[in-house]
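Okay, sequence plus prediction incoming.
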Amino acid sequence: MNPVLVWLRRDLRLADHPALLTAASTGRPVVPVFVIDPGLWDAAGARQGRLAASLRSLSDDLQARYAVRLVIRRGSPLAVIRSLARELGADSVQVTAETTPYGRRRDAAVSSRLADAGVAWVATGTAYAVGPGTVLTGSGTPYQVFTPFSRAWRAHGAPGPAPAPSRLVGLAEVPSDDLPAPTLVANDVAVGEAAAHARWRAFREGALTAYGTDRDRPDLDGTSRLSEALKYGEIHPRTLLADLGRDEARGTPGAGRFVTELAWREFYADVLWHHPDSAWHDLRPLPGMEYDEPGVTFDAWREGRTGYPFVDAGMRQLAASGWMHNRVRMVTASFLVKHLHVWWPHGARHFMAQLRDGDLASNSHGWQWVAGTGTDAAPYFRIFNPVAQGLRFDPRGDYVRRWVPELAHLPGATAHEPWSHADGYAGGYPARIVEHAAARSEALRRYAVSRTSR
DNA sequence: TTTTGAGTTGTTCGA
DNA sequence: GTCGAACAACTCAAA
């Protein structure tokens, strides 16, 4: 019997995996393969070690549950997938459809080469509850605004989650490259499908109720911390939404808000689907906008020494742990764009290099929202005050002290304002690199220039 | 085709 | 200290 190849990418799980189920349902031997694509691997930055850990977990799960081995191959997927199919005599390749610009181009090339060799390409499902490109306005156009999208997306609904295949038969003796070495980092969350489900259960039973308010508090454990698991597909949003539907019916306060956050993830994937260039270019450019080239202040921002405690805490959390709280992502992004006047892709690239959960659609469009160049952009005059944001969302200063040791000697909220404290700089904390009011006025001036040249 | 209501996440200023 | 207004105009989505 010809085996079926299951090419895994952002779907490193066994449960609720339509492509894997489809492969299993053929009754033929299944060969799960992950291709380490040098082009992606080298650009993965902080995600290399995280991805490696996820692969190891999946490999263990496949072995334990089905006695099936995960095959690792290094090289260009264009060459690797076809040669593996030929090597094993596989006549079909099953995948979860990829929806990012690079993934779509790559899959188009691989599937067309497979077709030439008589190998079928079967794409089942995506990384989203509703496939990008599916939800359209009444006139058949893509949504440009989040709220109507989210209404239509909710109305569209998603199928319930499916179980893991009850049975999977592997193929003996398929040569495999070694798994890359996983790395752990500070403040890490557990890796793998079982850990993702455990985290989700704990979150539902705990922080979900207060999610509406606590989600904005970087000093608390108020979020699900599932961004990495979603990024690698260790758990699928369908699974989360099915549970959240029950929670909403039961009247759990934070459930609706969490659904909305998933809707944002799906919205941004949808926008990127319709506008692939928006990954690294303004969706709606600001004509005549003046940007500064990244220089010494950009370096200070990257390294967490801007002199603004909340910003620096975030940038250091990112560097040390590969993750940053969402509220702080907004504030640090706003600081780069509005206080340092740097074009958003410079910051977005840095985030993508450092984030273990780095997701192209969410990252690029989160930045574009801040910069006012995206869909549904923030009003130009909405400029975060980094100190006020810190005082509001880290009221006791715990978050700042945790990530900025030079401020650890300052009590409570004074950690947000070392300049107003006699020994505020005793720990060697740097002075502010720009003055807030002046930077704000300058940003307003530049946005005004752009508006008048429109 | 035209109209209309609405649009994640904020800050500052002055009464 | 509190509170409302101003900060703008534009585009979208649906009726």
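Yep, that arrived. Remember, it's a predicted structure, so these values are computed and weren't measured experimentally.

mind checking the SS state of residue A:352?
helix (DSSP: H, G, I helix; E, B strand; the rest coil).

residue boundaries of the strands in the stretch 51-200 of chain A?
Counting by DSSP state E, counting those that start in this stretch, the stretch 51-200 of chain A has strands at residues A:71-74, A:92-95, A:120-123.

And these: which comes nearest DNA strand C?
Nearest to DNA strand C, of all the strands of the stretch 51-200 of chain A, is strand A:120-123, at 26.7 Å by CB to the nearest atom of the strand. Heads up, the C-betas are built off the backbone N, CA and C, glycines and all.

ok so, going back, I'd like the strands of the stretch 51-200 of chain A as JSON lines, with mean pLDDT, distance to residue A:395 and mean neighbour count appended.
Compiled in JSON lines, the strands of the stretch 51-200 of chain A are given as follows (pLDDT from 0 to 100; distance: least, CB to CB, whole Å; neighbours: other CB atoms under 10 Å):
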{"stretch": "strand A:71-74", "mean pLDDT": "98", "distance to residue A:395": "47", "mean neighbour count": "19"}
{"stretch": "strand A:92-95", "mean pLDDT": "98", "distance to residue A:395": "47", "mean neighbour count": "23"}
{"stretch": "strand A:120-123", "mean pLDDT": "98", "distance to residue A:395": "48", "mean neighbour count": "16"}
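
Am I right that residue A:304 is in contact with residue A:316?
Yes: using CB atoms under 8 Å, residue A:304 is in contact with residue A:316, at 3.9 Å.

Comparing these two, which shows the higher neighbour count?
Using other CB atoms under 10 Å, the more surrounded residue of residue A:304 and residue A:316 is residue A:304, with 22 against 19.

how near is that one to DNA strand C?
Residue A:304 is 29 Å from DNA strand C, where distance means CB to the nearest atom of the strand, to the nearest Å.

how many neighbours does residue A:67 have?
The number of residues near residue A:67, taken as other CB under 10 Å, comes to 11.

For it, grab phi and psi.
phi 60, psi 40 (degrees, to the nearest 10).

Ignoring the adjacent residues along the chain, who's closest to it?
Of all residues beyond its chain neighbours, the one nearest residue A:67 is residue A:170 (6.6 Å), with distances taken as CB to CB, 6 or more residues apart in numbering.

if I look at the one you found, how far off is DNA strand B?
For residue A:170 relative to DNA strand B (CB to the nearest atom of the strand), the value is 42 Å.

returning to what we had before: next, show the common contact partners of residue A:304 and residue A:316.
A:403-404 (CB atoms under 8 Å, 6 or more residues apart in numbering).

can you pull the pLDDT of residue A:377?
Per-residue pLDDT puts residue A:377 at 68.

meant to ask about residue A:454
pLDDT recorded at residue A:454 is 71.

How about the contacts made by the residue nearest the centre of chain A?
The centroid of chain A falls nearest to residue A:359 when counting by CA atoms, centre = their mean (3.2 Å). Going by CB under 8 Å, 6+ apart, residue A:359 touches A:227, A:230-231, A:265.

again, only this time at 6 Å
By CB atoms under 6 Å, 6 or more residues apart in numbering, the residues touching residue A:359 are residue A:231.

Torsion angles phi and psi at it?
According to degrees, to the nearest 10, residue A:359 has phi -120, psi 120.

Walk me through the domains of chain A.
As given by automatic domain parsing, the domain ranges for chain A are A:4-125, A:127-159+A:194-274, A:296-452.

Residue A:165 is nearest to which of those?
Judged by CB to CB, the one of the domains of chain A that comes nearest to residue A:165 is domain A:4-125, at 3.6 Å.
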